[in-house]
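1. let's see this in three dimensions:
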Amino acid sequence: MFSFCTDPATLDTFRWFACYLTTGKHMSIYTSVFTVLLLLAITAPAALTFGFLGAASARSSFAPLSLLGKTYIAIVRGVPDIAFFLFFVIALDQFFEWIRHKIKCPDWDQPIRQGNDFVVCTAAKLPLGNAPQWVHETYGFLLAVLTFAIVFGAFAANVLFGAMRAVPRGQLETAEAYGMTKRQTFWRVLVPQMWVFALPGLGNLWMVLVKATPLLFLLGVEDIVYWARELGGSKTARFTDYPHGDWRVWYFLALLVFYLWFTKLSESVLDKIMRKLTHGQATTGGEAQRKAA
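-> As a prediction, this is how the structure comes out:
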C-alpha cells in the first residue's frame, strides 16, 4: 500500500507493521468486520419480524395458527444452533434448487436423489457454476442471514409472546369496553405497551446474536474469527513477504477488545431505548424516572 513497502527486509519495526497491516490479506479481515456488522444490521430486524409474527401467531385464537406459532418456537429453540445451521442451510439450498429444477427442467427424467448425491440440471444450480465469485459470496451471505433470522426469530417470538401476556388484562378489557375491535386493541394498546416488557429479553438476545456471529464460518462465510486464525498463525508460502511466528493470541486479543467494545456500545443504546420506552409508563422503570425527576 505504501511506496516504501517494496522490500520488507529493509524496513524498521514501525514501517514493517505499517506495510504488514495493509496487505491484501489484512484487507480481508477489515472487510469481514463490515460483513459482520452488515449481518447484524440485516438480521436483527429480520429476526424481530419473524419473532413478532411467531408471537402473534402463538397468541391467535385461531387454533391452527396458534399451533403453527408455538411449534415454530418449540422446534427451533429445542435444536442446538450449530446443528440447525449445519442442517438448515443445506436443506434450504436444496429446496431452492429443487424448485428451480421443477420450473426450468420439466423434461428431466432422472431421479434427483441418487444415493447420497443431490443432482439437478445445470440451469437449476444456485448460483450458476459460471457466475462471478461475488454472486457465490452474496448467495452464501443471504442464506446465512435467513438462517440467523429464523433461529433468533424463534427466541424473539418467545420473548414477545411473554411480553404480550405481561400487559395487564384490565387495559385490554377497558379498550374493548370503549368499543375497540380486537385488531384495534392489539395494535393500539397491546403492541405499544409490550415493548417495555420485551426489551430486556430482546437486549439479551441481541448480545447472544453478536456473540454468535463466528458461526458464519460454518455457513461458508469468511468472518473475523476465520481471518484472525489464518493471519495469526505461522506463515506459509503464501505469506513469505512478512513471515512471523504464531501470533494468534494477539489477533484473538484484538477480537476480544472489539467484541467487548461493541457490547458496551450496545448496552448504552439499549439503556437509552429503555429509558425512552418507560417514560411515563406505570412500570418499575417509569416509576424510577418519576422519582429521579
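
2. residue 267: how many residues sit nearby?
-> Residues lying near residue 267 (other Cβ atoms under 10 Å) number 13. For the C-beta atoms, the positions are set from N, CA and C on the backbone; glycine is no exception.

3. against residue 273, how distant is it?
-> 11 Å (Cβ to Cβ, to the nearest Å).

4. ditto for residue 173
-> 29 Å.

5. higher neighbour count, these two?
-> residue 273 (14 against 11).

6. model confidence for that one, exactly?
-> Reading off the per-residue confidence, residue 273 sits at a pLDDT of 84.

7. which residues touch it?
-> Taking Cβ atoms under 8 Å, 6 or more residues apart in numbering, we find residue 273 in contact with residue 199.

8. neighbours of residue 205, just the number please.
-> Neighbours around residue 205, by other Cβ under 10 Å: 21.

9. excluding sequence neighbours, find me the nearest residue to it.
-> By the measure of Cβ to Cβ, 6 or more residues apart in numbering, the closest residue to residue 205 outside its immediate chain neighbours is residue 155, 5.4 Å from it.

10. tell me how many other residues crowd that neighbour.
-> Here the number of neighbours of residue 155 (other Cβ under 10 Å) works out to 23.

11. pull the contacting residues for it.
-> Contacts for residue 155 (Cβ under 8 Å, 6+ apart) come out as 51, 76-77, 205, 208.

12. from these, which is closest to residue 87?
-> The nearest member of the contacts of residue 155 to residue 87, counting by Cβ to Cβ, is residue 76 at 11.6 Å.

13. roughly how far apart are the closest one and residue 145?
-> Here the criterion is Cβ to Cβ. By it, residue 76 lies 16 Å from residue 145.

14. could you do residue 187 as well?
-> 28 Å.

15. for residue 114, give me phi and psi.
-> phi -120, psi 90 (degrees, to the nearest 10).

16. coming back round to it: pLDDT check: weakest of the contacts of residue 155?
-> By pLDDT, residue 77 ranks lowest within those, coming in at 83.

17. quick check, it in contact with residue 154.
-> Yes: if you go by Cβ atoms under 8 Å, residue 77 and residue 154 touch, sitting 5.2 Å apart.

18. more neighbours: the two, which one.
-> Set side by side, residue 77 and residue 154 give different neighbour counts by other Cβ under 10 Å, the larger being at residue 154 (23 against 14).

19. for the more buried one, which residues are in contact?
-> If a contact means Cβ under 8 Å, 6+ apart, then residue 154 has 50-51, 54, 72-73, 75-77 as its contacts.
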